[in-house]
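Student: One predicted model, sequence on top.
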Amino acid sequence: MQCQECGKRPATLHFTKIVNGEKTEFRICESCAREKGEIIPGTTGGFSIHNLLSGFLDFNPGSHSQNPTIKAPENLRCEECGITYSQFSKIGRFGCSSCYKYFNDRLDPLFKRVHGNTVHVGKVPKRAGSHIQVKRKLDELRQQLQERILQEEFEEAAGLRDEIRELEKNISAE
Amino acid sequence: MPNLRFTEQPLSEWMSSGGKDSDIVISSRVRIARNLLHAPFPMLATSEQSEDVLRKLQDVLDDERIEDFGKIYPILLDDLEDLDKKVLVEKHLISPSLANESKSGAVFISENESLSIMVNEEDHLRIQCLYPGFQVQEAWERATSVDDIFEDHVDYAFDDNRGFLTSCPTNVGTGLRASVMMHLPALVLTGQINRILSAVSQVGLTVRGIYGEGSEAMGNLFQISNQITLGQSEDEIIENLYSVVLQIIDHEKTARETLLTESHLRMVDRVMRSYGILSHAAIMESKEAAQRLSDVRLGVDLGLIDTLSPQVLNELNVMTQPGFLQKIFSENMSPGERDMYRAKLIRDKVNVNNGKEN
């Protein structure tokens, strides 16, 4: 197996990163690994997370991806701060919080690659996020409801259904 | 004139107590990234916008709860000399990017330096808590409570699906980076380190040198932190790091015991040789200093040297950095002079603690 970086030397180092079942493999030679610096601790090198990231952003899924993404239209732009998607993919940083909204359709593959996930499950700010607590509770109840139905436990299912309705009513009342 | 207490002493007060497992874990750190709603991220912000963000965040310091852990000193980066910025970076109180690139950058530092809040770094707000030893859980609890105080006063940029929105996609979600600095000489000596570090990178963690991204691992010090910030809760992230670090501690302990029993004489020689060189050398490059200090620290931990404390070694790790040396001796020194002064500083420190006058 040849090194993926230089294509000349044999790949002696194999890295497998598994994040939530998403597997990424690198096979490179020692000299390229050394060039990348971070992979072998104790060596200097300027290969930073931002280099890697812009690689992800420019990444053309090609034929070996299950979900080929649509090429960004040249004019995809955040209306708030004015940064374009192609600028974002070069610098690897968002310009403002609205970029997340305007580029939303293209972010799932990126987050999947970086984090293995696309949805936040952690801390929710008290003031801005009170409705999210309810939403999370709802999701949980709906899942339980499905399980009950599958197991034909209809009495419990009815109880859950009522609970869900009650919560939904509260949300629409807000 | 800003408060300069933070650049005078090499060792932060919070580092003066060892903390849990401090023979292997030097320190634990948690950093939370947050941004304010309706303001562009610092990279694109105008000076006015950055000043406005700083004003809003500085106003939060009026909330008494923020000083539950001691007085907070706000410092504007523009008021600092370059050398003082360098020293704050060497003490991990600010990041290199806050020191060099920020507009209206500021840092709010607590009296004992265990809390440092950076403003207008890559994100508007970065809350950082530093604890001695292996206390990553404690550091997280403290950081999240400070986060709650800020959230009471300012509106955060938060999205139901993506969580806390950050400038860099690698921080989105929890905005949480938890890390521990580990001293792993025995794993390096026994050649197990690469195997362990590559295993670490398979469970969503990453290893860096002590001064963060792109920096070199010197003196057998490794910084291990979470890579993933989206799709895992803060508790999961902390627990994951905790359990992996716990295992590395075990491996390092086993390796130390093995070295001590199977190569006792060679270990004693290695440790005492470095001790001797640090006590007498006249020229000391930073790389050699880091390695020798690591040997001596191992000697102290293994009970082979009882005349030095781990605190002195922590102190020397910071004092022998270029910025601090300049601070102590002279701002305009050549690299050659720097190595000479570094050697002198180490000699003085080691010999005084050894009960000998130099």
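Tutor: Everything's here; your move. Residues are numbered from 1 along each chain as shown, chains lettered A, B, ... in the order given.
Student: Spit out the contact partners of B:Asp306.
Tutor: Applying Cβ atoms under 8 Å, 6 or more residues apart in numbering or on different chains, we find B:Asp306 in contact with B:Val300. To be clear about C-beta, it is placed using only N, CA and C from the backbone, and glycine gets the same treatment.
Student: where does it fall, phi/psi-wise?
Tutor: Torsion angles at B:Asp306 (phi, psi; degrees, to the nearest 10) stand at phi -120, psi 10.
Student: and it, how far is that from chain A?
Tutor: Between B:Asp306 and chain A the distance is 30 Å, computed by Cβ to the nearest Cβ, to the nearest Å.
Student: Pick out the residue in chain A sitting closest to chain B.
Tutor: Closest residue of chain A to chain B, Cβ to the nearest Cβ: A:Asn117 (2.1 Å).
Student: Next, give phi and psi for B:Met181.
Tutor: Main-chain dihedrals, B:Met181, degrees, to the nearest 10: phi -100, psi 120.
Student: what's the domain layout of chain A?
Tutor: A:13-47, A:50-115, A:130-173 (automatic domain parsing).
Student: Quick check, B:Ser50 in contact with B:Lys103.
Tutor: Yes - under the contact definition of Cβ atoms under 8 Å, B:Ser50 touches B:Lys103, with a separation of 4.7 Å.
Student: who has more neighbours, those two?
Tutor: B:Ser50 (21 against 17; other Cβ atoms under 10 Å in any protein chain shown).
Student: Now that one. Nearest residue, chain neighbours left out?
Tutor: In this structure, B:Ser50 finds its nearest non-sequential neighbour in B:Ser104, 3.8 Å apart by Cβ to Cβ, 6 or more residues apart in numbering or on different chains.
Student: Point out where chain A drops to low pLDDT.
Tutor: By pLDDT under 70, the weakly predicted segments of chain A are A:1, A:12-24, A:26, A:30-74, A:128-130, A:173-174.
Student: Do a quick rundown of the strands in it.
Tutor: With strands called from DSSP state E, chain A shows them at A:13-19, A:22-28.
Student: Show the residue spans covered by the helices in the chain.
Tutor: Looking at chain A here, since you left the chain open. A:30-36, A:49-58, A:85-91, A:99-102, A:104-115, A:130-150, A:154-173 (DSSP state H).
Student: looking at chain B here, not the other one
Tutor: Under DSSP H, chain B gives helices at B:5-8, B:47-59, B:82-90, B:96-101, B:136-153, B:185-189, B:193-201, B:234-262, B:264-280, B:286-301, B:310-319, B:322-328, B:335-353.
Student: circling back to that earlier point, now the residue nearest to B:Ser50. Its backbone dihedrals?
Tutor: phi 50, psi 40.
Student: Give me the nearest residue to the residue nearest the centre of chain B, chain neighbours excluded.
Tutor: Nearest to the mean C-alpha position of chain B, by Cα atoms, centre = their mean, lies B:His92 at 4.5 Å. Spatial nearest neighbour of B:His92, excluding adjacent residues (Cβ to Cβ, 6+ apart): B:Leu130 at 6.6 Å.
Student: same question, A:Glu163
Tutor: Here the residue nearest A:Glu163, using Cβ to Cβ, 6+ apart, is A:Leu141, at 5.9 Å.
Student: these two touch, right, B:Lys253 and B:Ile24?
Tutor: Yes - with contact defined as Cβ under 8 Å, B:Lys253 reaches B:Ile24; the gap is 7.3 Å.
Student: Just want to know which of these two has more residues nearby.
Tutor: Under the neighbour definition other Cβ under 10 Å, B:Lys253 and B:Ile24 were set side by side, and B:Ile24 has more, 23 against 14.
Student: Please give me every residue in contact with the more buried one.
Tutor: B:134, B:182-184, B:248-249, B:252-253, B:301.
Student: next one: B:Ile127
Tutor: For B:Ile127, the contacting residues are B:31-32, B:34, B:115, B:117, B:143, B:146-147, B:150, by Cβ under 8 Å, 6+ apart.
Student: out of those residues, which one sits closest to A:Glu80?
Tutor: The closest of these to A:Glu80 turns out to be B:Arg34 (Cβ to Cβ; 18.2 Å).
Student: from what I can see the closest one touches B:Glu122, true?
Tutor: No - contact criterion Cβ under 8 Å: B:Arg34 and B:Glu122 do not qualify, at 11.5 Å.
Student: List the buried residues of stretch B:180-194.
Tutor: Buried residues in stretch B:180-194, counting neighbours by 16 or more other Cβ atoms under 10 Å in any protein chain shown, are found at B:180-190, B:192-193.
Student: re the thing from before, tell me which of the helices of chain A is the most buried.
Tutor: Stretch with highest mean neighbour count among the helices of chain A: helix A:99-102 (a mean of 20; mean count of other Cβ atoms under 10 Å in any protein chain shown).
Student: Residues contacting it, please?
Tutor: The set of residues external to helix A:99-102 that reach it, using Cβ under 8 Å, 6+ apart, is A:76-81, A:83, A:88, A:94, A:107, B:159, B:162, B:165, B:172.
Student: Can you report how many residues lie near B:Leu76?
Tutor: B:Leu76 has 14 nearby residues by other Cβ under 10 Å.
Student: Nearest spatial neighbour of it, chain-adjacent residues omitted?
Tutor: Here the residue nearest B:Leu76, using Cβ to Cβ, 6+ apart, is B:Ala106, at 5.1 Å.
Student: In contact with the one you found, which residues?
Tutor: If you count contacts by Cβ under 8 Å, 6+ apart, B:Ala106 has them with B:54, B:57-58, B:74-77, B:118-120.
Student: Report the separation between it and B:Ile72.
Tutor: 12 Å (Cβ to Cβ, to the nearest Å).
Student: B:Ser243 too?
Tutor: From B:Ser243 across to B:Ile72, the span is 33 Å (Cβ to Cβ).
Student: So these two - more neighbours on which side?
Tutor: Neighbours per residue, other Cβ under 10 Å: of B:Ser243 and B:Ile72, the larger number sits with B:Ile72, 17 against 10.
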